[in-house]
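Trainee: With the input below, show me the fold.
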Amino acid sequence: MIMDEKKRKFQKNAHSGLTSDFGMLIRPQEPGRAVGVLEIEDRMLNPYGAIHGGVLFALADTVGGTAAMSRGFYIVTSTGTIHYLQGTHHSRKITAQAEEVKHGKTLSIYDVNMTDEHDKLVAKATMTYFSTGVAVEKTEELRY
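Mentor: Got it, this is the predicted structure:
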């Protein structure tokens, strides 16, 4: 199946193994932006009953990477920093919004804000991605 280029770029990142395993839903936005939603399951909680920090980092990296890849090139994560700001004991859904800070030839930076269903900012990440320089082909066929 050949699909619209924008949709294909987002789905390429949005259907990776971890993304699928966690049930993350990535929604396309304009180039340089992406939104992801994660419904929290009990298996994603730490021993204290809050969302495991690794799950939030995975969400930030996936949504940020989707925004970076929307520029038309395959990317890899270079660095990522996350700040856990608010407890998530009563959270059952997290929405992550990635916004481009800088789009460069090789390095691009994205801020990812994560809020719960109560509109509390629970975490903020800054992600840096390295462009491989390999363009995502417009006619590439995806298999799910």
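Trainee: What residues does Lys93 make contact with?
Mentor: Val37, Leu38, Glu39, Ile40, Asp116, Glu117 (CB atoms under 8 Å, 6 or more residues apart in numbering). Glycine gets a C-beta too; all of them are placed from N, C-alpha and C.
Trainee: tell me the pLDDT at it?
Mentor: With respect to pLDDT, Lys93 scores 97.
Trainee: What separation is there between Thr81 and Tyr129?
Mentor: 13 Å (CB to CB, to the nearest Å).
Trainee: More neighbours: these two, which one.
Mentor: Shown here are Thr81 and Tyr129; by other CB atoms under 10 Å, Tyr129 has more neighbours (27 against 11).
Trainee: Regarding the residue sitting nearest the centre point of the chain, what is its secondary structure?
Mentor: Centroid-nearest residue in the chain, with CA atoms, centre = their mean: Val63, separated by 1.3 Å. Of the three states, Val63 takes helix under DSSP: H, G, I helix; E, B strand; the rest coil.
Trainee: Glu137 too?
Mentor: coil.
Trainee: going forward can the numbers begin at 58, since that is how I track them
Mentor: Done: numbering now begins at 58, and the last item shifts to Glu194.
Trainee: what about it, how many residues close to it?
Mentor: 10.
Trainee: picking up where we left off before, name the member of the contacts of Lys150 that has the highest neighbour count.
Mentor: Leu95 (26 neighbours).
Trainee: Quick check: which element contains it?
Mentor: Assigned by DSSP states H and E, Leu95 falls within strand 90-96.
Trainee: Could you look up the SS state of the residue nearest to Ala125 when sequence neighbours are not counted?
Mentor: Ranked by CB to CB, 6 or more residues apart in numbering and with sequence neighbours excluded, the top spatial neighbour of Ala125 is Tyr186, at 4.1 Å. The three-state assignment at Tyr186 reads strand, by three-state DSSP.
Trainee: Just list the residues touching Tyr186, thanks.
Mentor: By CB under 8 Å, 6+ apart, the neighbours of Tyr186 are Gly121, Gly122, Ala125, Ile132, Val133, Thr134, Ser135, Leu164, Ser165, Ile166, Tyr167.
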